[in-house]
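Student: generate a structure from the sequence data that follows.
(chains A and B)
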Number of protein chains: 2
Amino acid sequence: MAVLILSKPISPDAFAQALRERGFRHPIHTAIADADPAQVRWLMAWRLKSGVVSRLPNLELLMCCAAGVEKLLEADDLPPELPIARVVDDVQALGMAQYVVHAVLDHLRLAATYRAQQAQRDWTRHSVPTAERTVLVMGMGAIGRRIAKALADLGFDVSGWSRSGQQVPGVRIHGGADGLRQALPRSQVLVCALPLTAETRGIVDRGVLSALPRGAFFVNIARGGHVVESDLVELLRSGHLGGAAIDVQQREPLPADDPLWTAPNLTLTPHVAGQLAPGAVVDQFLLEVARREAGLPPMNPVDPRRGY
Amino acid sequence: MAVLILSKPISPDAFAQALRERGFRHPIHTAIADADPAQVRWLMAWRLKSGVVSRLPNLELLMCCAAGVEKLLEADDLPPELPIARVVDDVQALGMAQYVVHAVLDHLRLAATYRAQQAQRDWTRHSVPTAERTVLVMGMGAIGRRIAKALADLGFDVSGWSRSGQQVPGVRIHGGADGLRQALPRSQVLVCALPLTAETRGIVDRGVLSALPRGAFFVNIARGGHVVESDLVELLRSGHLGGAAIDVQQREPLPADDPLWTAPNLTLTPHVAGQLAPGAVVDQFLLEVARREAGLPPMNPVDPRRGY
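Tutor: Numbers count the residues shown, from 1 in each chain, chains lettered A, B, ... in the order given. Purely as a prediction, here's the structure:
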C-alpha cells in the first residue's frame, strides 16, 4: 500500500513532507517509475496525463491537490467508478475573498487616483458612494459563497449566479442563461469564481462584458480559460469597462509579450489569490483516505461528467 | 424658532438643502448675522468659535455635523446644561471599515510589489499567510467596533483597546495603559479609531510605534492629532514599521512641503475614509430635535468633560 504524488508543477516534496510530519506510515512515491504500480492505492495529482491511472490496477482514490480539477480530468482513462476528491479549503477561500475585496475596494474607492495624487503632493478629495454598489458573483461553490459573504459584510449589494440556480442562504441567486442576462445590466462589479468546464470555458466574453453597465469592474480569481482575453482587453481599451483585476491568465506564467500586461486599468497578479498550504491539502487527503477505509464516498467528490 | 448652520469648512448649503427636502418648516440660517439670535433654538456646527453660543439665549441643542467633536469643543462658552449631540452614522463607519480593510490587505498581500512587478512584466509569485494576522484597534466606539468586525470577518485575529476596557461582544478587549503595553508587541497591525481628546492627543508616538513588532503596519482613520508625525516618519525610515496608511494629518489640506508626502511605505489620503452624506447628518439632527421636544436626552450625546 503506497501513495503516489504527481502534483507538478506544484512540487510533490512539500506534500510528501507534510504526510510524513503527520505520521503517514505507507511508502510515498513522487514518480511513477519509483513505485510498484500494484502497490499504489492512492494518487495525489494536479495535471494528469492519459495512461497513468490505467497502470495502477489497485487505485482506490484519486485526490486533486487543488480546488480546480480541469487539468486532472484531461486524463481520458479515469475509470467511472474511481472515487475522485478535490480540496475545499476554508483558508484558500478566505484568501480568494480577501483578494476580491481588496481589488473591488481599490477600484471603487479610487485608490490608484490617490496613489497618483500622493506622488504629486496633491490633496484633492473625491466623493464616492460607500454602499449601494451591486456585485454579481458567478459561481456559488465554496469559494464563490465565501466571496459573496465577504462583500456583503462590507456593505455591497451581492447577487450570485450559478448554472443550477440552487438557493444559497443570504444571497439572491440568479440561475441559468436567462438569469445571467437579467443580472448583468444591474451589476457594477462582476466576479468570476466558476469551475472551468466545457460549459464555462470562455463564458466571460464580449457578450457578457458588454452587458455590464458602462464603467463596471471585473475580477477573475478562477481560471484564465473563463475569459476571452482579447475581448477583455478591447472593452478595457474602449472604456466600457472601468477596470479589472485578474489573478489568473490563459498562459501562466504570462509571457512578456502578452497584451494583458498593458491593458488600461487592469491589475494583473500571478495566481496568488487563494494559496493552498500543503498541510491543508494533506489533511484533506488523509480524511478522504479514512472515509474510503470506512466505506464512505468522498467528502468533496468530483464528477468527471459535470467537470467539477 | 430657527436653526443656524455654521458647518464650515463643510458647506452649510448642503445641510440647508437636505433640511428643506425633508420638509423642515422653520427658518434656516447659515450665518449668525442673518439670524435673530433669540429665535435660534438649534445650532449645527463643526468648528465653533468662543462667543457664538453666548449670543444665542434660547439655544436648546448643539449638533455636531461630524463624528469627531474636538473642534466644536474648542468653544469656551458652552453652557454645562446645553445638550450636545454628534453624528454616529453606520454608513460612515462602514466607509472607515472599507478603508482600513483595503489598506491592511494592500500591505499584507504585497499589492505594491505586484503593481511594480506588473510594470516590469514580471510574473513572480510570493507566498503570504492568509490568516493568523493580529490586529489591534485603538478606540471601541461605533467606528472602532465596525472596523474590528470587518477585519474579523476577513480572518484577522482582532483585539480592541479602550481607555475604559469596557467589554465589546466578539472582541478581545485590552484596557488602560497596561493593556496597551501588553497588546502592542503582539499586534502586526495597529489601527487608530480614537476620539481626539486631551488624553489621546499624540498618543501614537515613538513609544507606541516602537512597541509594535518589527515590520508592523499602522493605519490612522481618526485624527492627525493622535500621531506624533515626526516619530511616524522616523520609524518608517528606520524600517521598524513595515508601512502605514494615514487618511488624516495634523495639517489639512497637507502642505506640499510636509515630510509625510515622501515617507517610505506610507499611503496618504486626503481625509476620505468615512464620508458623511449631508442627508445622514440632517436625519440625525431631526431625530435629536424630536427627542429634545419629547424631553429625552440626545441619542448620541457628547460630554465636553470627557471630550467625546
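Student: residue contacts, the spatially most central residue of chain A?
Tutor: The centre of chain A sits closest to A:Ala222, judged by C-alpha atoms, centre = their mean, with a distance of 3.3 Å. A:Ala222 is in contact with A:Gly68, A:Gly139, A:Cys192, A:Ala193, A:Leu194, A:Pro195, A:Leu196, A:Val248, counting by C-beta atoms under 8 Å, 6 or more residues apart in numbering or on different chains. Yep, even glycine has a C-beta here, placed from its N, CA and C like the rest.
Student: the third one bridge partners, please.
Tutor: Beta-bridge partners for A:Cys192, by DSSP bridges, are A:Met138, A:Asn220.
Student: so the residue nearest to the centre of chain A versus A:Gly141, what's the distance?
Tutor: Distance, A:Ala222 to A:Gly141, by C-beta to C-beta, to the nearest Å: 10 Å.
Student: who touches both of these two?
Tutor: A:Ala193, A:Pro195.
Student: quick one: the helices in the stretch 101-250 of chain A?
Tutor: A:111-119, A:142-153, A:176-183, A:206-211, A:229-238 (DSSP state H, counting those that start in this stretch).
Student: tabulate these (JSON lines), appending mean pLDDT.
Tutor: Below are the helices of the stretch 101-250 of chain A laid out as JSON lines (pLDDT from 0 to 100):
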{"stretch": "helix A:111-119", "mean pLDDT": "98"}
{"stretch": "helix A:142-153", "mean pLDDT": "97"}
{"stretch": "helix A:176-183", "mean pLDDT": "96"}
{"stretch": "helix A:206-211", "mean pLDDT": "98"}
{"stretch": "helix A:229-238", "mean pLDDT": "98"}
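Student: tell me the residues of the stretch 1-150 of chain A that contact chain B?
Tutor: A:91-92, A:94-95, A:97-99, A:101-102, A:105-106, A:109, A:111, A:114-115, A:117-118, A:121, A:123-128, A:130-131, A:149-150 (C-beta under 8 Å from any C-beta of the partner chain).
Student: which residue sits closest to the residue nearest to the centre of chain A in space, ignoring its chain neighbours?
Tutor: Nearest residue to A:Ala222 in three dimensions, chain neighbours excluded: A:Cys192, at 4.8 Å (C-beta to C-beta, 6 or more residues apart in numbering or on different chains).
Student: ok, A:Val302 next?
Tutor: A:Val302's closest residue in space is A:Ile84 (C-beta to C-beta, 6+ apart), at 4.0 Å.
Student: my guess is the one you found meets A:Pro298, correct?
Tutor: Yes - in this structure, A:Ile84 is within contact of A:Pro298 by C-beta atoms under 8 Å, at 7.1 Å.
Student: show me where pLDDT drops low in chain A?
Tutor: Counting by pLDDT under 70, chain A shows no low-confidence range.
Student: any idea how far A:Ala244 lies from A:Leu236?
Tutor: 6 Å.
Student: who's more crowded, these two?
Tutor: Per other C-beta atoms under 10 Å in any protein chain shown, whichever of A:Ala244 and A:Leu236 has more neighbours is A:Ala244, with 27 against 20.
Student: which residues sit in contact with the more buried one?
Tutor: Going by C-beta under 8 Å, 6+ apart, A:Ala244 touches A:Phe217, A:Phe218, A:Val219, A:Asn220, A:Leu232, A:Leu236, A:Ala263, A:Asn265, A:Leu266, A:Thr267.
Student: filter these down to the buried ones, ChimeraX style.
Tutor: Here is the ChimeraX command that picks out the buried ones among those, judged by 16 or more other C-beta atoms under 10 Å in any protein chain shown:
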select /A:217,218,219,220,232,236,263,266,267
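Student: now, among the contacts of A:Ala244, which is nearest to chain B?
Tutor: Of all the contacts of A:Ala244, A:Thr267 has the smallest distance to chain B: 7.2 Å, by C-beta to the nearest C-beta.
Student: name the nearest residue to the closest one, sequence neighbours excluded.
Tutor: Distances taken as C-beta to C-beta, 6+ apart put A:Ala245 closest to A:Thr267, at 4.1 Å, once the chain neighbours are dropped.
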